[in-house]
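K.L.:
need a structure here:
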Amino acid sequence: MPLVDIQLIEGVFTEAQKKGMIEKVTDAMVEIEGEAMRGVTWVRVQEFRSGAWGIGGKGLTTEDVRALTS
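P.N.:
Sure thing, here's the model as predicted:
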């Protein structure tokens, strides 16, 4: 049974977007391995506090991520 972790910085994605991620990742696993995988595919969305995730020695904040996508 697959376990897929999605790790995000809190406050970037809405609850609806996170729900969509779970559904689409599950659908991708089903597409690869067949419908029998749907009931045994686990998807976890883990959120990290703004600034607790670093890239290049700098803590990445919610605002930093939003600036990258605008």
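
K.L.:
which stretches of this structure aren't confidently modelled?
P.N.:
For the chain, no stretch has pLDDT under 70.

K.L.:
and residue 55, how far from residue 64?
P.N.:
To residue 64, residue 55 is 9 Å away according to CB to CB, to the nearest Å. Yep, even glycine has a C-beta here, placed from its N, CA and C like the rest.

K.L.:
higher neighbour count, the two?
P.N.:
Counted by other CB atoms under 10 Å, residue 55 and residue 64 do not tie: residue 64 has more neighbours, with 16 against 8.

K.L.:
can you map out the helices along this protein?
P.N.:
Secondary structure of the chain (DSSP state H): helices at 15-33, 62-68.

K.L.:
JSON lines for those, including distance to residue 48?
P.N.:
As requested, the helices of the chain are exported to JSON lines (distance: least, CB to CB, whole Å):
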{"stretch": "helix 15-33", "distance to residue 48": "14"}
{"stretch": "helix 62-68", "distance to residue 48": "10"}
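
K.L.:
nearest to residue 39, out of these?
P.N.:
Closest approach to residue 39 among those (CB to CB): helix 15-33, 9.7 Å.

K.L.:
how about that closest one: buried residues?
P.N.:
For helix 15-33, the neighbour count (16 or more other CB atoms under 10 Å) marks 18, 21-22, 25-26, 29 as buried.

K.L.:
got TSV for those residues, with distance to residue 44 too?
P.N.:
Listed next are these as TSV, based on distance: CB to CB, whole Å:
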residue	distance to residue 44
18	11
21	11
22	9
25	10
26	12
29	14
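
K.L.:
just those residues now: which is nearest residue 6?
P.N.:
Distances from residue 6 to the buried residues of helix 15-33, taken by CB to CB, are shortest for residue 21, at 5.6 Å.

K.L.:
my guess is the closest one contacts residue 44, does it?
P.N.:
No. At 10.5 Å, residue 21 and residue 44 do not qualify as touching, with contact defined as CB atoms under 8 Å.

K.L.:
neighbours of the nearest residue to residue 6 once chain neighbours are set aside, just the number please.
P.N.:
Counting by CB to CB, 6 or more residues apart in numbering, residue 45 is the residue found nearest to residue 6 once chain neighbours are left out, at 4.9 Å. Using other CB under 10 Å, residue 45 has 17 other residues around it.
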